[in-house]
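Colleague: Sequence first, predicted coordinates after that:
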Amino acid sequence: MRASGWCDGAAAARVFVVEWQNAERCCRSGDALTMEVQLHEGTDAIDVLYNRPPRALTDVVGVTVGLQGPGGTSVVQVCGGTTSAPTACTLAMLTDTRYTPTP
């Protein structure tokens, strides 16, 4: 896995980008995922962009796809989970998503 970050744009409208290339979960192979998080200055919007894997992610105990708060509290969870029966991450769920804060 390789992680990198950079900032694009001019003041008041900058976008801070963090990208993870070929990220794999511990002790698993074949589930590599490339993804990007974009933090937008001014609007506080958060974009989560996925380079979709070739197949659905079915063994997802301990995985959170979405946003997660401090201490493991789930803010927005698209799939995955920590229970014995988590929601499988289908390819349709791994879509680009924008999270916008509520006033």
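Modeller: Right, received. Where do you want to start?
Colleague: contacts and neighbour counts: CA atoms only from here.
Modeller: Noted.
Colleague: Can you find the helix or strand of the protein with the lowest average pLDDT?
Modeller: strand 74-81 (a mean of 62; mean pLDDT, DSSP states H and E).
Colleague: in the helix or strand just after that one, what's buried?
Modeller: Next along the chain after strand 74-81, taking DSSP states H and E as the criterion, comes strand 97-99. For strand 97-99, burial by neighbour count (16 or more other C-alpha atoms under 10 Å) applies to no residue.
Colleague: what's next to strand 97-99, contact-wise?
Modeller: 45, 46, 47, 48, 49 (C-alpha atoms under 8 Å, 6 or more residues apart in numbering).
Colleague: Quick check: of the residues you listed, which lies closest to residue 11?
Modeller: Of all these, residue 45 has the smallest distance to residue 11: 15.7 Å, by C-alpha to C-alpha.
Colleague: For the closest one, which non-adjacent residue is closest in space?
Modeller: residue 100 (4.6 Å; C-alpha to C-alpha, 6 or more residues apart in numbering).
Colleague: Could you do residue 51 as well?
Modeller: Counting by C-alpha to C-alpha, 6+ apart, the residue nearest residue 51 is residue 34, at 5.3 Å.
Colleague: One more: residue 21?
Modeller: Excluding its sequence neighbours, the residue lying closest to residue 21 (C-alpha to C-alpha, 6+ apart) is residue 34, at 4.4 Å.
Colleague: And the one you found, how far from residue 97?
Modeller: For residue 34, the distance to residue 97 (C-alpha to C-alpha, to the nearest Å) stands at 15 Å.
Colleague: do the same with residue 45
Modeller: Distance from residue 45 to residue 97, by C-alpha to C-alpha: 10 Å.
Colleague: Ok, residue 46 next?
Modeller: Distance, residue 46 to residue 97, using C-alpha to C-alpha: 8 Å.
Colleague: Likewise for residue 50?
Modeller: For residue 50, the distance to residue 97 - C-alpha to C-alpha - is 9 Å.
Colleague: Residue 35 too?
Modeller: Distance from residue 35 to residue 97, by C-alpha to C-alpha: 11 Å.
Colleague: Provide a list of residues in contact with residue 41.
Modeller: 12, 13, 14, 15, 16.
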